[in-house]
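1. Fold the following.
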Amino acid sequence: MVRLARHLTSGRLFWAGLFVITWVLSQYSFQIYKALDARWIIRFPKQYQLQLDGWISAFLDWLVNTANFWLFSFRDVTRGIAYLIEVPYQFLRNLLIEGFQSGLGDQAVQLAPSLSWIAVIAIAVVIGHYARDRALAVLVGVCFLYLAVFGQWDSAMITLASVLVAVPIGAVGGLALGILAYKVDWVEKTLRPILDLMQTVPVFAYLVPILILFGFGPVAALVATVIYAMPPMVRVTIVALRNVPEELLEAGRMSGCTPRQMTWKVLVPAATPTLMVGVNQVIMLTLNMVIIASMIGAGGLGFDVLASLRKLDIGGGIEAGLAIVVMAIALDRASQAFAERRVRSHRTGGLIARHPWLATAIIVSLATLALGQVLPAIQTYPDALKITTGQFWSSAMEWINVNFFDSFEAIKTVALQYLLLPVKKFFAGIPWLWGIIATGLIALRVAGWRLGLLAALMMAFIAASGLWPKAMVTIYLCGVSVFIAVLIGIPLGIWAAERPKAGRVILGLMDTLQTLPSFVYLIPVVMLFRVGDFSAMVAVILYALAPAVRYAAHGVREVPAQLVEAGRMAGCTPRQLMWRVKLPLATPQLLLGLNQTIMLALSMLVITALVGTRDLGQEVYIALTKANAGQGIVAGLSVAFIAIVADRIVNALSESQRQRLGL
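-> Residues are numbered from 1 along each chain as shown. Below is the predicted model:
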């Protein structure tokens, strides 16, 4: 049977036949339903739908209100976790912005002030210099100075406190799980599907059960942030430890290292540069999630952006969004520098001689602490010197809308009429049963019967949950956005690979796009294009463009020089060299870029529920607003299953292309 199925799904005839059948059923499914009086053709029968949302909600209600484990209840566990997180978080808030107090309300007595804005900037400069050089120190210092000058300091320090709590927990927890998975095979096999789900379940879906378990507030937001940011650290740890050279391990064994010494004296130090890349990912995901977690009480810059979006305050939203970008750039560059940092020779002499920059930071902190009691401007940046750009951005957006409204509307109308609506009609008309079969056949054709069965079961889960129509809207929006992102990204990547000067500009722009938290993309898009599918598509394209560019540039650059030279000797023109040699050999990298573009597009689509899309992201967002954990988890799993199916299929295509090319 398997051989017969493989035979039937071979060659171009399969792809052409699959498309024709899908198109016919998509266009005429409603007429078929009418003719046969069979509503089940276009909608999964309601009496057979899974009631998972009710079961999950009931389970969480039991867990929170009834569950008892002899000596303690589940509520005691969540309170204990909340306490362990709240203590360092509150300490950092006190240190950075609020100061240390005794008592509550009117009875509160100030024991010590917080660090002054000058001291925080000085510490940031020291970290930048220690990580790399003076140039990075200046960049980080200017970024933090920007937060003070433009009136975003208080909110930024609240966000920074969240990052400083979540990152160590996520990094250390991810490192521990990664080491365990590296040493124990069954742990890795168990973790792999869990990590897949954690990285593909939409961010909003994390918030719903966390809200029920931990309540509304910054602690719940931090728990969600840690869960969201930890998986990359686990994966990077496993890869980093496996890539430690065998000769180092052998040297450790010959030196008589115990298993613990082998881990902490050989493996982890040797893998540190790669592990720091994982820490960088944890920082960026933490910053992204802290913004989203403002919806359940995180506060800080994320709350400012969200509040501005709700009030349509263009200036305030852009100001807070730019502050997020500035902080993201500072943290990203500093963490990247630590990843690339090499051990330096130790200086001799006293403490100040050995650590002049650290000593400078301590002296500045103590000096500003004392002088701040006399000169308030040293402790807190003076309001009179703050610059606000809110009115400028509001006026700029107003000017753009007045002068270019017709142009934007024309572009939007053409895109809707000739691209978005036809594609949406195609996907919306696919009957659920044929959608399941077609997905299974595609996966079978690409990677074998196991993936075919897995893909069919995952799509069947979506249909049986009653979410097939919204899933098709999700696939349509993701498909169109990814197609345009790849259409733009691959030529840009080729240009960056072929022209080094242009490459520095293009890849620098991609660096900036990758440091922007997802929320930030919504502000200008909503202001220029209003709400709807077109706005969502533009935001997704901007967010998902970077990997398409990066992988294309990397793939073209990595083509073996001898093969390029062979093409030149065969008389290939530059165009033939690109189309006949470089691009075919770069196909595996292009497919990996496509995979990452799809993943980012799906994650961004859930955020675009805020601008009026009617897909699975909206389902998750509605569940969050209603605190309906079951609905949010089922919708989140549906998005995750779409992402997993796409990931497996594209990875299988990339691997088969590698084997075909002998790479």
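
2. any idea how far stretch 462-474 is from the chain center?
-> Computed by C-alpha atoms, centre = their mean, to the nearest Å, the chain-centroid distance of stretch 462-474 equals 23 Å.

3. Format the CA atom coordinates belonging to it as PDB.
-> Extracted C-alpha coordinates of stretch 462-474, given in PDB (Å, rounded to 0.1, in the frame of the first residue of the first chain):
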ATOM      1  CA  ILE A 462      -8.100  21.500  13.500                       C
ATOM      2  CA  ALA A 463     -11.200  20.400  11.600                       C
ATOM      3  CA  ALA A 464     -12.600  18.400  14.600                       C
ATOM      4  CA  SER A 465     -12.100  21.400  16.800                       C
ATOM      5  CA  GLY A 466     -14.400  23.500  14.600                       C
ATOM      6  CA  LEU A 467     -11.600  25.800  13.600                       C
ATOM      7  CA  TRP A 468     -11.200  24.900   9.900                       C
ATOM      8  CA  PRO A 469     -12.500  28.200   8.400                       C
ATOM      9  CA  LYS A 470     -10.300  30.300  10.600                       C
ATOM     10  CA  ALA A 471      -7.300  28.000   9.900                       C
ATOM     11  CA  MET A 472      -7.800  28.500   6.200                       C
ATOM     12  CA  VAL A 473      -7.800  32.300   6.700                       C
ATOM     13  CA  THR A 474      -4.500  31.900   8.700                       C
END
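
4. what's in contact with it?
-> Outside stretch 462-474, the residues that touch it by C-beta atoms under 8 Å, 6 or more residues apart in numbering are 43-44, 46, 48-50, 52-53, 424, 427-428, 430, 432-433, 435-436, 602, 605, 613-619, 634-635, 638-639, 641-642. All C-beta atoms are positioned from the backbone trio N, CA, C, and that covers glycine.

5. Longest helix of the chain, counting residues only.
-> helix 629-661 (DSSP state H).

6. so what secondary structure elements neighbour it?
-> Judged by 3 or more C-beta pairs under 8 Å, 6 or more residues apart in numbering; DSSP states H and E, the packing partners of helix 629-661 are helix 52-65, helix 185-200, helix 203-214, helix 432-447, helix 449-464, helix 468-498, helix 583-607, helix 616-626.

7. out of the ones you listed, which comes closest to residue 562?
-> The closest of the helices and strands packed on helix 629-661 to residue 562 is helix 583-607. By C-beta to C-beta, the value is 11.5 Å.

8. buried stuff in that closest one?
-> Of all the residues in helix 583-607, those buried under the rule 16 or more other C-beta atoms under 10 Å are 583, 585-607.

9. Show me the shaky parts of the stretch 401-550 of the chain.
-> For the stretch 401-550 of the chain, the stretches flagged by pLDDT under 70 are 515, 517.

10. got it, and the chain?
-> Ranges of the chain meeting pLDDT under 70: 1-11, 32-39, 41, 103-108, 339, 341-355, 515, 517, 662-663.

11. circling back to that earlier point, closest one to residue 132 among the helices and strands packed on helix 629-661?
-> helix 468-498 (23.8 Å).

12. quick check: angle from that closest one to helix 583-607?
-> Using axes from the mean of the first three to the mean of the last three C-alpha atoms, to 10 degrees, the inter-axis angle of helix 468-498 relative to helix 583-607 is 140 degrees.

13. Toward the C-terminus from helix 468-498, list the very next helix or strand.
-> helix 500-515 (DSSP states H and E).

14. on that earlier part again, dump the helices and strands packed on helix 629-661 into JSON lines; add distance to residue 272 as well.
-> Listed next are the helices and strands packed on helix 629-661 as JSON lines, based on distance: least, C-beta to C-beta, whole Å:
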{"stretch": "helix 52-65", "distance to residue 272": "39"}
{"stretch": "helix 185-200", "distance to residue 272": "21"}
{"stretch": "helix 203-214", "distance to residue 272": "29"}
{"stretch": "helix 432-447", "distance to residue 272": "36"}
{"stretch": "helix 449-464", "distance to residue 272": "36"}
{"stretch": "helix 468-498", "distance to residue 272": "30"}
{"stretch": "helix 583-607", "distance to residue 272": "25"}
{"stretch": "helix 616-626", "distance to residue 272": "37"}
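
15. Centroid-nearest residue for this structure?
-> Against the mean C-alpha coordinate of the chain, by C-alpha atoms, centre = their mean, the closest residue is residue 285 at 5.6 Å.

16. Residue 231: which of the helices and strands packed on helix 629-661 is closest?
-> Nearest of those (C-beta to C-beta): helix 185-200, 4.6 Å.

17. Mind listing what's buried along the closest one?
-> Result for helix 185-200 [16+ other C-beta under 10 Å]: buried residues 188, 191, 195, 196, 197, 198, 199, 200.

18. Thank you, goodbye.
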